[in-house]
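Participant: pasting the sequence and the predicted model now:
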Amino acid sequence: MTAGGPLLAIDTATTNAVVALGATDGTLLAHRTWVAGYRHGEELLTQIEALLGEARIATADLGGIVVGTGPGAFTGLRVGIATAKGLAHALGLPIVGVATSSALLDAAAGAMGKDRSTLALLQPAGLNDRVLTVDGEPPRIVPGGVDPELAAGIVLVAIDLEGRAAVDATGRGEAARHGLATTLVALGAARLAAGHPDDLARLAPEYVTLPRGVRAAAPEGGVELTGGRPAS
């Protein structure tokens, strides 16, 4: 670990994975994003190695880890958070979890020139359901075939919902995606600078679906299911 060294940020909560490097003041230094689909486990370490190699930064030079905690599907989040935790443990680095929904709302607000309190984020939760995140509220499941209930003036931002959400909402989602690396680094850096890293053992993802036969543990077990039903 290098005090004041760059931060490595990882997010695998959506089908487009992100790895990024940021300065301790929250400035984005470099990033890579790719359509991982459900192949996060096959590609994540390779992408991290490529990012560090391009920036000529060794893992020993890093000063901290930032990881997106979701909401998101089981496979991607499990891989991303396990990788982030493994690196933090092996390198003795502080780690901070940032809600991917919060970073996406910040990115959408920046792209649209709006306050994030006027936005709501919609993501898939299994084959039919969706998870809705409104600023200041816990994520909640919206069953398939049901329109999300939004307060007057709230604008919808849809991620990974092409064909399942309005075109303008998915367009705003793409704009948010483009800014995710920037906001993820900024939010994580602010937490670390304030001296508020997460406890490595207790840092947990926000799953929206679990594979069939997998049960959500109680919160004290380190994993909590934020709504949803088993994925088929």
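Facilitator: Sure thing, it's come through.

Participant: tell me which stretches of the chain form strands.
Facilitator: Taking DSSP state E as the criterion, the chain contains strands spanning 7-11, 16-22, 28-35, 64-68, 72-73, 95-98, 119-125, 129-134, 140-142, 155-158, 206-209, 224-225.

Participant: possible to save those strands as CSV with distance to A193?
Facilitator: For every residue, glycine as well, the C-beta is placed using N, CA and C. Formatted as CSV, the strands of the chain follow (distance: least, CB to CB, whole Å):
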stretch, distance to A193
strand 7-11, 10
strand 16-22, 11
strand 28-35, 15
strand 64-68, 10
strand 72-73, 26
strand 95-98, 10
strand 119-125, 25
strand 129-134, 25
strand 140-142, 31
strand 155-158, 27
strand 206-209, 24
strand 224-225, 27
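
Participant: ok, of these, where does mean pLDDT dip lowest?
Facilitator: Ranked by mean pLDDT, these bottom out at strand 224-225, with a mean of 36.

Participant: next, give phi and psi for the residue sitting furthest away from the middle of the chain.
Facilitator: In the chain, the greatest distance from the average C-alpha position (CA atoms, centre = their mean) is reached by A152, at 27.0 Å. Torsion angles at A152 (phi, psi; degrees, to the nearest 10) stand at phi -60, psi 130.

Participant: coming back round to it: and the strands of the chain: which comes nearest V167?
Facilitator: V167 sits nearest to strand 155-158 of all the strands of the chain, at 9.3 Å, using CB to CB.

Participant: sheet-wise, list the partners of that closest one with their directions.
Facilitator: According to DSSP bridges, strand 155-158 has the following sheet partners: strand 119-125 (parallel).

Participant: please state the offset of the partner strand from the chain centre?
Facilitator: Relative to the centre of its chain, strand 119-125 is centred 13 Å away, using CA atoms, centre = their mean, to the nearest Å.

Participant: so how many other residues sit close to R78?
Facilitator: R78 sits with 19 neighbouring residues when counted by other CB atoms under 10 Å.

Participant: ah, wrong one, I meant A175
Facilitator: Neighbours of A175 (other CB under 10 Å): 14.

Participant: same question, G86
Facilitator: Counted by other CB under 10 Å, the residues lying close to G86 total 12.

Participant: okay, the residue farthest from the centre of the chain: pLDDT?
Facilitator: 92.

Participant: what does the one 10 residues further on give?
Facilitator: Residue-level confidence at E162 comes out at 92, pLDDT.

Participant: pull the number of nearby residues for it.
Facilitator: For E162, the neighbour count with other CB under 10 Å is 11.

Participant: go ahead and confirm it touches T170.
Facilitator: Yes - between E162 and T170 there is a contact under CB atoms under 8 Å: 5.5 Å.

Participant: isn't S101 right next to T133, touching?
Facilitator: Yes - assessed by CB under 8 Å, S101 is found in contact with T133 at 4.0 Å.

Participant: overlap in contacts, the two.
Facilitator: P71, L121, Q123, P139 (CB atoms under 8 Å, 6 or more residues apart in numbering).
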